[in-house]
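# Give me a 3D structure for the following:
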Amino acid sequence: RPLVFVAMTPLMSSWHSGANQIQLIFRFIKDPSQRLNEVKAGTVDFASNLNPEAVNQIKTDKRLQMLLPPPFNVGLLNMNTRHAALKNAKVREAIRFAINRPAIVEAFWGDLGKVDNSMLPAGMNWANSKNVPGVKYNAQVAKRLLTEAGYPNGFTIDLWYPAISRAYLPMPKPVAEAIAADLGAIGIKVNLKTEDWAKYLEDRRKGVFDMYLYGWSGDYNDPDNFYSAFYGDTGSDDIGFNPGNIVGILAKGRAATTQATKAKQYQQLHELTYNANVRLPLVHSVAPAVARTYVKGWVLGPLSTVGALNLISVEK
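Numbering: from 1, shown residues only. Below is the predicted model:
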């Protein structure tokens, strides 16, 4: 029987290689739990982009093997500075202190997630500034900042989350609910909202969301690939935040020809974006993959979560 691979979104229908005409058939199932169940049942041979909760199921099934790609993404809470309260820098800082990001990552990603104050995954730590501190959760500081900003009783805001699973956000609704609970504890009432994914992307581009969950899986190993997706002349349309100094640094970073020169630009950008508090890094995560034990030669790279799958050496 041919090898059968199940993916999150369409890539291709089938593939043949070599003189022996090995056939690889692709199936497409949006629900990560269903993808795992298909592999467990033996109706497909291997699958990618599973939820962190799948880890224990894979480890306890002798018929299965788990593969982990390197982390190469970021999940974000994005704040629209057009919103009356979010225009205030102290309000955005209060939100940063109010959300218990370490607890959220532990609850929904476990060992497959890491939280820090950087847009960049670990492989690009050289572009991070040592002046940016680690993640700090302090509800009392958050409440004080809200009072100083003129919102001692808080305010009401909408928080949008995707209706589908993404590699950087496999469980959007529970994460949104946890954020809403943390903000509610300091007086910010959160209305949770979602919509069809295509409409979500359209409304995101239009900048109509007050706050929303979104993220990025990298295309190539350069800080610009992460920063330019969310800052600069078009990257910041969704949140109305595009200061000229950030635009200039992005241009210099792209023009730099050595890592040392690039590092100086992106370390400066790291500090500026950290202090702006318009995009709050929630997690850098790994999406586990699974295969039947008879599948050999499957290698996962950092781009596996966005469909760049190396299947040349796969056999059964």
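# sec struct for residue 157, please.
Three-state call for residue 157 (DSSP: H, G, I helix; E, B strand; the rest coil): strand.
# swap that for residue 241, sorry
coil.
# now swap in the one 4 residues further on and tell me
At residue 245 the chain is in helix, as set by three-state DSSP.
# Spit out the contact partners of residue 58.
The neighbourhood of residue 58, defined by C-beta atoms under 8 Å, 6 or more residues apart in numbering, consists of 36, 64-66, 288, 290. Placement of C-beta: from N, CA and C, glycine included.
# where's the dip in pLDDT among those residues?
Comparing pLDDT over these, residue 288 scores lowest. The value there is 89.
# so what pLDDT did the closest residue to that residue other than its chain neighbours get?
Excluding the flanking residues, the one nearest residue 288 by C-beta to C-beta, 6 or more residues apart in numbering is residue 50, at 4.9 Å. pLDDT recorded at residue 50 is 90.
# quick one, strands of the stretch 1-150 of the chain?
For the stretch 1-150 of the chain, the strands identified by DSSP state E, counting those that start in this stretch occupy 3-7, 14-17, 22-28, 46-47, 64-67, 73-79, 113-114, in order along the chain.
# Tell me the strands beside the fifth one, with direction?
Read that as strand 64-67. Sheet pairing for strand 64-67, assigned by DSSP bridges, gives strand 289-292 (antiparallel).
# Which residues outside the strand it pairs with are in contact with it?
Contacts of strand 289-292 with the rest of the structure, by C-beta under 8 Å, 6+ apart, involve 36, 39, 42, 45-50, 54, 58, 63-69, 298, 300, 304, 316.
# Centre of the chain to that strand, how far?
Its chain's C-alpha centre lies 22 Å from the corresponding centre of strand 289-292 when counted by C-alpha atoms, centre = their mean, to the nearest Å.
# Over to stretch 100-117?
Using C-alpha atoms, centre = their mean, the distance from the centre of stretch 100-117 to the centre of the chain it belongs to is 12 Å.
# shift numbering so it begins at 134
Right, with 134 as the first residue, what we last looked at is stretch 233-250.
# Would you indicate which residues of it are buried?
For stretch 233-250, a neighbour-count test (16 or more other C-beta atoms under 10 Å) marks 233-234, 237-238, 241-242, 245-250 as buried.
# Please put the alpha-carbon coordinates of that stretch into PDB.
Listed in PDB are the C-alpha atoms of stretch 233-250, where the atom choice follows Å, rounded to 0.1, in the frame of the first residue of the first chain:
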ATOM      1  CA  ASN A 233       0.500  35.300  33.300                       C
ATOM      2  CA  ARG A 234       2.300  34.100  30.200                       C
ATOM      3  CA  PRO A 235       4.400  31.400  31.900                       C
ATOM      4  CA  ALA A 236       1.300  29.800  33.400                       C
ATOM      5  CA  ILE A 237      -0.500  29.900  30.100                       C
ATOM      6  CA  VAL A 238       2.400  28.300  28.200                       C
ATOM      7  CA  GLU A 239       2.700  25.700  30.900                       C
ATOM      8  CA  ALA A 240      -1.000  24.900  30.800                       C
ATOM      9  CA  PHE A 241      -1.400  24.700  27.000                       C
ATOM     10  CA  TRP A 242       2.000  23.900  25.600                       C
ATOM     11  CA  GLY A 243       3.900  22.200  28.500                       C
ATOM     12  CA  ASP A 244       7.500  21.400  27.500                       C
ATOM     13  CA  LEU A 245       6.700  22.200  23.900                       C
ATOM     14  CA  GLY A 246       6.500  26.000  24.500                       C
ATOM     15  CA  LYS A 247       8.800  28.700  25.600                       C
ATOM     16  CA  VAL A 248       7.900  32.300  26.600                       C
ATOM     17  CA  ASP A 249      10.100  35.300  26.400                       C
ATOM     18  CA  ASN A 250       9.900  39.000  25.400                       C
END
